[in-house]
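1. kindly generate the corresponding structure for this input.
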Amino acid sequence: MIHNVLYFYIIICIAILIFNIAYIIKRRLFYKKPQMVERKR
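-> Just a heads-up that it's a prediction; the model follows:
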């Protein structure tokens, strides 16, 4: 039971990391600027 929960959380963490990396790559490709612009909604 415990191992299944740990694997579940690990998969979620990896998916979130991949999503964040893909978002950053898309942002850098679309916005090729040296400035770090962070807009907080």
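
2. going forward, measure contacts and count neighbours with C-alpha atoms only.
-> Noted.

3. any stretches of the protein with poor pLDDT?
-> Within the chain, the stretches with pLDDT under 70 are 1, 32-41.

4. which residues in it form helices?
-> Secondary structure of the chain (DSSP state H): helices at 2-30.

5. and the gap between the residue nearest the centre of the chain and L6?
-> Closest residue to the average C-alpha location of the chain: N20 at 1.5 Å, with C-alpha atoms, centre = their mean. With distances taken as C-alpha to C-alpha, to the nearest Å, N20 is found 21 Å from L6.

6. over to L17?
-> Using C-alpha to C-alpha, we find L17 at a distance of 17 Å from L6.

7. got it, and R28?
-> Per C-alpha to C-alpha, R28 is found 33 Å from L6.

8. now Y31
-> 37 Å.

9. could you do C13 as well?
-> Taken as C-alpha to C-alpha, the span from C13 to L6 is 11 Å.
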